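Engineer: From the sequence below, what's the structure:
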Amino acid sequence: MSASSSSVQRVPPARARAGKPRAPWVKALRRLFARRVVLVSALVLLLTVVVAVFYPMLTDADPGDMNLAMRLHAPSWAYWAGNDELGRDVMLRIIHGARYSLMIGFFTALGAVVLGTALGMLAGYFRRLDAPLMRLVDAMMAFPDILLGIALVAILGASLWNVILALVIVYTPRVARVVRASTLVLRELLFVDAARALGVRTPMILWRHILPNLLSPVLVQVTFIFAYAILAEAGLSFLGVGVPPEIPTWGTMITGSLQYADQAFWTILAPGIAIVLTALSLQLLGDGVRDLFDPKLGQKS
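Structural biologist: Sure, this is the predicted structure:
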């Protein structure tokens, strides 16, 4: 009896065998990075941000330093991406320009999401505002993004913050339509009706009951607009109506090297690869976030 009782005592409890339950954010990250392509995209973005932020702090090299003796020099061990028409280090300029390109994408996405969410919630919740606001949104979306961006920059003037403002105006309607569609569904649900019956004020309903349920579609839009803004800035700079040439964004680097493309293709290839990798990584990460918040996929997993 003593042996059997001691053996029973050695058996760990069921909770100890199972281990502690994982936190919800850990489960979300595991689901998000279950696809290797999403994990690789996140690592590429993280590396880009880290290099852009910390590399200039670790070196005294100036990306604007000119060395005419190395003019249009091909890539080498000393200059991984070669030199441009003024002998400047292309790789160093790409790292320095990443700050501006990422800043344009970030602030464009932030501004478009804030304004688009506000417009979408107002249009979706208040029936009287739905028609006039959505007609304004439809009118803005009737123009191609690049043409509307060109017109706005021409009106505002060519500068870094004016380009960001123009892109915010261009991409706000995209967010507004998505948020409005979700708000139309949410305002008819029982918990919103219960809040109205309890006398909760409309601003509090929008803030505490509607807005939290809009986070999933809004987060997806952030990643997409981030990528669109980087591409749009490069397109505007290519057309000569974007950021001033003295600001070394990836788009202005390509524009400034166009006339030397037949002699030194690497001056265009290197910043072009940076744009493609960053935009593609953002798009793939956005797909992963969209799959993460998809209720059908959540039920399957």
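Engineer: contacts and neighbour counts: CA atoms only from here.
Structural biologist: Will do.
Engineer: Excluding sequence neighbours, find me the nearest residue to Leu206.
Structural biologist: In space, and not counting its chain neighbours, Leu206 is closest to Met121: 7.7 Å by C-alpha to C-alpha, 6 or more residues apart in numbering.
Engineer: mind listing what the one you found touches?
Structural biologist: Neighbouring residues of Met121 by C-alpha atoms under 8 Å, 6 or more residues apart in numbering: Ala176, Val179, Arg180, Thr183, Leu206.
Engineer: same thing but at 10 Å, please
Structural biologist: Applying C-alpha atoms under 10 Å, 6 or more residues apart in numbering to Met121 gives the contacts 130, 176-184, 187, 206, 210-211, 214.
Engineer: Which PyMOL command selects the buried ones in these?
Structural biologist: The buried residues among the contacts of Met121 can be selected in PyMOL (16 or more other C-alpha atoms under 10 Å) with this line:
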select buried, resi 130+176+177+178+179+180+182+183+184+187+206+210+211+214
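Engineer: Can you tell me which of the contacts of Met121 is nearest Ala61?
Structural biologist: If you rank these by distance to Ala61 using C-alpha to C-alpha, Ala176 comes first, at 43.7 Å.
Engineer: and the closest one, that one's in a helix?
Structural biologist: Yes - counting by DSSP: H, G, I helix; E, B strand; the rest coil, one finds Ala176 located in a helix.
Engineer: Out of the contacts of Met121, name the ones that lie in helices.
Structural biologist: When these are checked against helices (DSSP state H), the matches are Asp130, Ala176, Arg177, Val178, Val179, Arg180, Ala181, Ser182, Thr183, Leu184.
Engineer: ends of stretch 196-213, how far apart?
Structural biologist: Terminal residues of stretch 196-213 lie 17 Å apart, using C-alpha to C-alpha, to the nearest Å.
Engineer: wait, doesn't Ile275 sit right on Ile230?
Structural biologist: Yes - between Ile275 and Ile230 there is a contact at 7.2 Å, judged by C-alpha atoms under 10 Å.
Engineer: shared neighbours of these two, which are they?
Structural biologist: The overlap between the contact sets of Ile275 and Ile230 (C-alpha under 10 Å, 6+ apart) consists of Ser101, Trp250, Gly251.
Engineer: By neighbour count, which of those residues wins?
Structural biologist: If you count neighbours using other C-alpha atoms under 10 Å, the busiest of the shared contacts of Ile275 and Ile230 is Trp250, which has 30 neighbours.
Engineer: From Leu211, how far off is that residue?
Structural biologist: 35 Å.
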